[in-house]
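Enquirer: model the structure of this input:
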Amino acid sequence: MMYYAILILGLLILAILSYKKINLAIGIVILTLPFYLIRLEILSIPTTVLELMIYVVFLVWIIKKLKTQIFKIFQIHKGDTTSCRLRYFLSSNFIFPIFLILFGCIISIIVSPNKQAGLGILKGWFIDPLLLFLIISNVIKTKKQIIKILSFLAVSGIIVAVAGLFYYFFNELTYDGRLKAFFLSPNHLAMYLAPAGIICFGLFLNFKKYFYLFGFIICSIVIFLTYSYGAWIGFGAGILFLIFFFQKKIVWRKKVLLLIIAVLFLSTVFFFQCNTEKFQNFTNFSRSSFESRIIIWKSAATILKDHPFWGIGPGNFQNFYLDYQKKFPPYLEWAVPQPHNLFLAFYLQCGLLGLIGFFWIIFLFFKTSIRYLPVAGCRLPVAVLTAVMIYILIHGLVDTPYWKNDLAIIFWIVVGLMKVIQNAELKFSK
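Expert: Numbering: from 1, shown residues only. Okay, here's the model as predicted:
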């Protein structure tokens, strides 16, 4: 009872804050993304503390919106950007690909053998993040507000990284010496920290504040301790993008030198991994994690041949993967809830329509990025958001940096902030 009393009190405070200062309430939700790990049931419906926080902020926002603009919420008033924001969202080029993803996911759930798991994933990994996406798309207006949202995401990562170091110092590691902190796996920890580390690096390059440098360093250290090679490569790609495109004053010769230094540094890091169990397994192609992924991808491709249009539904890959064992040599890895590839995951769990919708979102994202990256007033947020998306897509080649509550929210925050940049008022912000 004490636990629920504290929870209710916290949600009431969040509701009041949402009514008074919606931007700060959004920031608090972002700051507490790991709260999805705190699970409970309400009327026998599984939920998390993070979900309840999102619902509270969304409900208060809708009530406040209806209270003040009930007769004009769907009207466009010249010079009144606030009142037409919801109309702008509904008519924007993002709405149709989002519809495709949701429609594909729902149909895939309908035809899947385990509808309960699919509905839970639909709620936690699509509906909840899209509610926050909708709020951000309508509330955030300026570059300054975008930077604040990015800062909240960076601070959240810094807090998790500091906590991760405590786990490391107390030798709370996996059997093969990797750091996972309070997450289910080292990869989950790396996937949460990489966007925060990239944001810290980008903000440090612009503002020269040592807090962001500290954040970048501590996130980098913890990402290193996860020994997630996919995260290392994706994280490095995001950092290199910021160096090459965010710092206009760096001439091409220095950029080439920085690239050489980065390659040498990455090579050195991998060299010191030579004697570790993970690296030796990685280079032992008969038993390596990469070989295991190849088997997983082959299995996923075979599953797709039998379910080419609607997929198999969210949360069903593990069972299908085991059922298809008879078509392959003995698996190197048996516990595989996701197919270790972002694009295969969307295809399998949201069908062909969902995959098309996902590619469409990525296309619109980079189309906006290319358009606004040269604009002085937009260069900082666009560069940082693009670097984070580059990380997601590169790491997504060997893992699934979307298919988890917090990661899905991070993805839609990044997309939502890029959508905000499309506003004309931000285009001329300095």
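Enquirer: now do the SS call for residue 340.
Expert: coil (DSSP: H, G, I helix; E, B strand; the rest coil).
Enquirer: wait, it sits on residue 295?
Expert: No - taking contacts as CB atoms under 8 Å, residue 340 lies outside contact range of residue 295: 10.1 Å. In short, each C-beta sits where N, CA and C put it, glycine included.
Enquirer: just want to know which of these two has more residues nearby.
Expert: With neighbours defined as other CB atoms under 10 Å, residue 340 and residue 295 compare such that residue 340 has more, 25 against 17.
Enquirer: roughly how far apart are that one and residue 53?
Expert: 30 Å (CB to CB, to the nearest Å).
Enquirer: all helices for the stretch 301-430 of the chain, in order.
Expert: In the stretch 301-430 of the chain, the helices defined using DSSP state H, counting those that start in this stretch lie at 317-323, 342-372, 379-395, 405-420, 424-427.
Enquirer: dump those to a markdown table, plus distance to residue 133 and mean pLDDT.
Expert: What follows is these, written out as a markdown table (distance: least, CB to CB, whole Å; pLDDT from 0 to 100):
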| stretch | distance to residue 133 | mean pLDDT |
| --- | --- | --- |
| helix 317-323 | 25 | 92 |
| helix 342-372 | 11 | 96 |
| helix 379-395 | 13 | 96 |
| helix 405-420 | 4 | 96 |
| helix 424-427 | 17 | 54 |
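Enquirer: go through these and name the closest to residue 112.
Expert: Residue 112 lies closest to helix 342-372 among the helices of the stretch 301-430 of the chain, at 8.8 Å (CB to CB).
Enquirer: is it possible to get JSON lines of the helices of the stretch 301-430 of the chain that adds distance to residue 153 and mean neighbour count?
Expert: JSON lines is the format used below for the helices of the stretch 301-430 of the chain (distance: least, CB to CB, whole Å; neighbours: other CB atoms under 10 Å):
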{"stretch": "helix 317-323", "distance to residue 153": "28", "mean neighbour count": "19"}
{"stretch": "helix 342-372", "distance to residue 153": "17", "mean neighbour count": "21"}
{"stretch": "helix 379-395", "distance to residue 153": "9", "mean neighbour count": "24"}
{"stretch": "helix 405-420", "distance to residue 153": "7", "mean neighbour count": "24"}
{"stretch": "helix 424-427", "distance to residue 153": "18", "mean neighbour count": "14"}
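Enquirer: quick one, which of the ones you listed gets closest to residue 186.
Expert: helix 379-395 (13.1 Å).
Enquirer: now render the helices of the stretch 301-430 of the chain as JSON lines, adding distance to residue 236.
Expert: Shown next, in JSON lines, are these (distance: least, CB to CB, whole Å):
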{"stretch": "helix 317-323", "distance to residue 236": "28"}
{"stretch": "helix 342-372", "distance to residue 236": "18"}
{"stretch": "helix 379-395", "distance to residue 236": "9"}
{"stretch": "helix 405-420", "distance to residue 236": "18"}
{"stretch": "helix 424-427", "distance to residue 236": "29"}
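Enquirer: what residues of stretch 306-313 count as buried?
Expert: Within stretch 306-313, the residues scored as buried using 16 or more other CB atoms under 10 Å are 307, 310, 311, 312, 313.
Enquirer: the fourth one: what's it in contact with?
Expert: Shown in contact with residue 312 (CB atoms under 8 Å, 6 or more residues apart in numbering): 108, 112, 303, 320, 348, 349.
Enquirer: for residue 154, see how far away the residue nearest to residue 405 when sequence neighbours are not counted is.
Expert: Among residues not flanking residue 405 along the chain, residue 36 sits closest, at 3.8 Å (CB to CB, 6 or more residues apart in numbering). As judged by CB to CB, residue 36 and residue 154 stand 19 Å apart.
Enquirer: next: residue 146.
Expert: Residue 146 is 13 Å from residue 154, by CB to CB.
Enquirer: same question, residue 305
Expert: Counting by CB to CB, the gap from residue 305 to residue 154 is 43 Å.
Enquirer: of the two, give the one with the bigger neighbour count.
Expert: Under the neighbour definition other CB under 10 Å, residue 305 and residue 154 were set side by side, and residue 154 has more, 28 against 8.
Enquirer: so the more buried one touches residue 202, yeah?
Expert: No - taking CB under 8 Å as the definition, residue 154 is not a contact partner of residue 202, at 9.2 Å.
Enquirer: and residue 149, how many neighbours?
Expert: If we define neighbours as other CB under 10 Å, then residue 149 has 22 of them.
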